[in-house]
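Colleague: requesting a structural model of the entry that follows:
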Amino acid sequence: MKKSSTLFLKIVILLIAAGVLTGLLWFPQTEGRAAGLDLISIYADPFILYIYIASTPFFIGLFQAFKLLNLIDANKAFSQSAVNTIKKMKLASLSLIGLITVTLFYLRFFAHGDDLAGPTMLGICMSVAFGVIATAASVFQKLFQNAVDLKSENDLTV
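Modeller: Take a look at the predicted model:
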């Protein structure tokens, strides 16, 4: 595979990470509850802190994708290290689904407000997207594991 393809994907991953990090830092200042608060009070809000903690698996998943692209560049795509990297991506996606579900339950049962349809739909869409990512990662994990097993079997017969 050409290194330009993986370079493009690495740049996309970095841009996604920068965009999400910028949004995480900027959005709390524009939120309705934070109007008129100082920076310490804005970022000490428990819900905002939960969002920061919940974003950790997202960044772990992006890092693992970047790591997988580095393995592909090094011609180590079909190695146990690549399988482990894909497994970590799958676990990060599954943990994001769990954290989004906890957020949706909090919004549904404990948040007071009439306009919860938008955040609920956004959470459901994000959960479905991360579910697709986790499913694809699971398929790729099995595929890569079969390739690694076949490769090690061929190495033993030679």
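
Colleague: what about residue 76, neighbour count?
Modeller: 13 (other C-beta atoms under 10 Å). Every residue, glycine included, has its C-beta placed from N, CA and C.

Colleague: helices or strands next to the helix or strand hosting residue 134 in the packing?
Modeller: For residue 134, the element it lies in under DSSP states H and E is helix 117-157. In terms of contacts (3 or more C-beta pairs under 8 Å, 6 or more residues apart in numbering; DSSP states H and E), helix 117-157 is packed against helix 80-109.

Colleague: so which bits of the helix it packs on are buried?
Modeller: For helix 80-109, a neighbour-count test (16 or more other C-beta atoms under 10 Å) marks 82-83, 85-97, 99-100, 103-104 as buried.

Colleague: kindly report the same for stretch 136-144.
Modeller: Buried residues in stretch 136-144 (16+ other C-beta under 10 Å): 137, 138, 140, 141, 144.

Colleague: need the helix or strand of the chain with the lowest average pLDDT.
Modeller: Ranked by mean pLDDT, DSSP states H and E, the weakest helix or strand in the chain is helix 39-43, scoring a mean of 78.

Colleague: list the buried residues for it?
Modeller: Quick answer for helix 39-43 (16+ other C-beta under 10 Å): residue 42.

Colleague: who's in contact with it?
Modeller: Contacts with helix 39-43, where a contact means C-beta atoms under 8 Å, 6 or more residues apart in numbering, come from 28, 29, 34, 48, 49.

Colleague: farthest-apart pair in those residues, please.
Modeller: 29 and 49 (14.9 Å; C-beta to C-beta).

Colleague: contacts only, for residue 101.
Modeller: Contacts here follow C-beta under 8 Å, 6+ apart; on that basis residue 101 touches 123, 127.

Colleague: how far away is it from residue 134?
Modeller: 13 Å (C-beta to C-beta, to the nearest Å).
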